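Chemist: fold the following, please.
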Amino acid sequence: MNLFHDYVRYETRRQFFSHGANAVGMAALASLLGPNISTGAETTGEEGKTPKTHHPAKAKQVIYLHMVGGPSQMDLYDYKPKMQEFYDKDLPDSVRMGQRLTTMTSGQARFPIAPSKYKFAQHGKSGMWVSELLPHTAKMVDDMCFIRSMHTEAINHEPAITYMQTGNMVTGRPCLGAWVSYGLGSLNQDLPTFVVLVAKPTNTEQVQAISARLWSSGYLSGEHAGVSFRSSGDPILYINNPAGVPPEVRRKTLDGLRALNEMTYKKVGDPETHTRIQQYEMAFRMQASVPDLTAIAKEPESTYKLYGDEARKPGTFANSVLLARRLVERGVRFVQIYHNNWDTHGNVAGRLPDQCKDVDQACYGLIQDLKKKGLYDSTLVIWGGEFGRTIYSQGGLTKDNYGRDHHPRCYTMWMAGGGSRPGTIYGETDDFSYNIVKDPVHIRDFHATVLHLLGFDHTRFTVRHQGLDQKLTGVEPAHVVKELLA
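Modeler: Numbering: from 1, shown residues only. As a prediction, the model looks like this:
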């Protein structure tokens, strides 16, 4: 897709000449200096056409599982046995080194070490250490690519999640899913290119607010924004015709709306009017495609044995990842799932087991199901939060329970399929899981690596906006982590 070409295509003759002599002069200059002067970007994908990527892509689709709140890395994947010796001792100043804390713990008189209360064991040929809370995940570590050295500058949820999703802490920019939609286009004209599912956690002790800003198209066309499916009732509001309105009447209504919108466009010339027309048409086609998509009850019994019985319940994480498999099976490019309540400031013992139970078997089932369906090699699965947790306890500390504050200096994420390198353990933190000591991976590096797997050079995958060649990875240095590539 090329935004300049779209603008020219939708510009009416009357609007063009109404801009005056400057418009003619700019058009002449653009033709003399070449297309990249006017676009600031290379042409990539267009909906319904073969996308033009910078190199052959390993991944064609993405399922991104975002754990809202920030999972505790030292209770799940970043095993720190030495911390048992430090129970209730203060975090050494030589480890913290004056780093910023949140206001939730900066006023504490002490920062007592809280070793993980959970047992760990090594699994697979890779020898990856995994917590007892994730027995199903432990069975597939050789299919997974672990990054134990992710880091960010954001220390609070809203900017941190926004950073993870859009590459910038300031809202208003396109998210990763919107970039993928823009670059690769659609594989199915009857479903959105980018779908968002918000799963309901079993435990709702401390959920974080999330909003459509996280799946916004920003300065890209509105057609690239995520379409949020609901977990109960109609998957999309007003997708079905009201009682007494047959399809023929709805079709006639849409034709009338299209004519009105075209009249508005000829008068105003706003390209988003065409986006609105396309959305109406997509909604009409989805009346036929969505009922089949969401008919999860038709799945064989073997599917529920794989994902667990929770997959039968609408809105659960297991149900959401099963729907994600059905979406990518039907050609949806990007599926974003949010699972909340990972913000364990307190009561880790009471909350973390519920969180892990929600996602453990479901993630295992998803990976195995993608393999069975022949989708694993072309579908990149991403799991992770917006930051990690502190080794010191927030609030009261006992051997059996504790809390953990936000920690941006290091956290763990994993990928599977889609050209990521299986059986990989990348990066290393210190004994306190507080600072990275080997192979740091910034959010920008992670985004650059994901785009590389999708066939894009992040330095060239740009869109001209407000006089700048905007890109997901921003203006600061970013590099593809080749050790994460198969």
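Chemist: what ranges do the strands span in the stretch 251-400 of the chain?
Modeler: 334-339, 379-384, 388-393 (DSSP state E, counting those that start in this stretch).
Chemist: which of these has the highest mean neighbour count?
Modeler: strand 388-393 (a mean of 28; mean count of other CB atoms under 10 Å). (C-beta placed from N, C-alpha, C; glycine too.)
Chemist: buried ones in whichever helix or strand comes after that strand?
Modeler: Remark: after strand 388-393, the chain's next helix or strand is strand 404-407, criterion DSSP states H and E. By 16 or more other CB atoms under 10 Å, the buried positions in strand 404-407 come out as 404-407.
Chemist: which one among the residues you listed gets closest to Glu310?
Modeler: Nearest to Glu310 out of the buried residues of strand 404-407 is Arg404 (CB to CB; 25.9 Å).
Chemist: spit out the contact partners of the nearest residue to that closest one once chain neighbours are set aside.
Modeler: Excluding the flanking residues, the one nearest Arg404 by CB to CB, 6 or more residues apart in numbering is Arg389, at 3.6 Å. Applying CB atoms under 8 Å, 6 or more residues apart in numbering, one finds that Arg389 lies in contact with 70-75, 344, 404-407, 411.
Chemist: before we move on, the earlier item: just put the buried residues of strand 404-407 in CSV and tack on pLDDT and distance to Gly395.
Modeler: Listed next are the buried residues of strand 404-407 as CSV, based on pLDDT from 0 to 100; distance: CB to CB, whole Å:
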residue, pLDDT, distance to Gly395
Arg404, 98, 10
Asp405, 98, 9
His406, 98, 14
His407, 98, 15
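Chemist: which of the residues you listed sits closest to Pro92?
Modeler: His407 (15.6 Å).
Chemist: the closest one against Thr390, yeah?
Modeler: Yes. Between His407 and Thr390 there is a contact at 4.6 Å, judged by CB atoms under 8 Å.
Chemist: mutual contacts of these two, please.
Modeler: Contacts common to His407 and Thr390, judged by CB under 8 Å, 6+ apart, are Tyr434.
Chemist: how about stretch 467-475: buried residues?
Modeler: 469-474.
Chemist: helices or strands up against the longest helix along the chain?
Modeler: Assignment by DSSP state H gives helix 348-372 as the longest helix of the chain. The contact analysis (3 or more CB pairs under 8 Å, 6 or more residues apart in numbering; DSSP states H and E) places helix 348-372 against strand 61-67, helix 73-76, helix 135-138, helix 301-307, helix 317-329, strand 334-339, strand 379-384.
Chemist: now it: average pLDDT?
Modeler: Averaged across helix 348-372, pLDDT comes to 98.
Chemist: list the buried residues of that helix.
Modeler: Those would be 348-349, 351-352, 355-370, for helix 348-372 by 16+ other CB under 10 Å.
Chemist: switch the helices and strands packed on helix 348-372 over to a markdown table; also include mean pLDDT.
Modeler: As requested, the helices and strands packed on helix 348-372 are arranged in a markdown table below (pLDDT from 0 to 100):
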| stretch | mean pLDDT |
| --- | --- |
| strand 61-67 | 98 |
| helix 73-76 | 98 |
| helix 135-138 | 98 |
| helix 301-307 | 97 |
| helix 317-329 | 97 |
| strand 334-339 | 98 |
| strand 379-384 | 98 |
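Chemist: how about those in TSV, adding distance to Asn168?
Modeler: Output for the helices and strands packed on helix 348-372, formatted as TSV (distance: least, CB to CB, whole Å):
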stretch	distance to Asn168
strand 61-67	16
helix 73-76	24
helix 135-138	31
helix 301-307	35
helix 317-329	26
strand 334-339	17
strand 379-384	18
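Chemist: for these, which one sits closest to Glu205?
Modeler: Using CB to CB, these put strand 334-339 closest to Glu205, at 14.0 Å.
Chemist: the closest one pairs with which strands?
Modeler: strand 61-67 (parallel), strand 194-199 (parallel) (DSSP bridges).
Chemist: so which residues make contact with the last one?
Modeler: Meaning strand 194-199. Contacts for strand 194-199 (CB under 8 Å, 6+ apart): 177-178, 180-181, 210, 215, 224-229, 231, 315-317, 319-320, 323-324, 327, 332-340, 358.
Chemist: report the buried residues of it.
Modeler: 194-199.
Chemist: repeat that for stretch 312-329.
Modeler: Neighbour-count burial for stretch 312-329 [16+ other CB under 10 Å]: 312, 314, 316-329.
Chemist: just the closest of those residues to Pro56, please.
Modeler: Using CB to CB, the buried residues of stretch 312-329 come closest to Pro56 at Val328, 19.5 Å.
Chemist: now do the same contact list for that closest one.
Modeler: 61, 63, 335, 370, 375, 379.
Chemist: the nearest residue to the fifth one once chain neighbours are set aside and Tyr64, how far apart?
Modeler: If I follow you right, that is Leu375. Once flanking residues are discounted, Leu375 sits nearest to Val328: 6.0 Å by CB to CB, 6+ apart. Applying CB to CB, to the nearest Å, the value for Val328 to Tyr64 is 12 Å.
Chemist: can you check Phe461 too?
Modeler: 18 Å.
Chemist: repeat that for Ala478.
Modeler: 18 Å.
Chemist: hmm, Ala121 is touching Gly127, no?
Modeler: No. Applying CB under 8 Å, one finds Ala121 not in contact with Gly127, separated by 10.2 Å.
Chemist: ok, the most centrally placed residue in the chain - contacts?
Modeler: Nearest to the mean C-alpha position of the chain, by CA atoms, centre = their mean, lies Tyr64 at 4.3 Å. By CB under 8 Å, 6+ apart, the contact list for Tyr64 reads 176-177, 334-337, 382.
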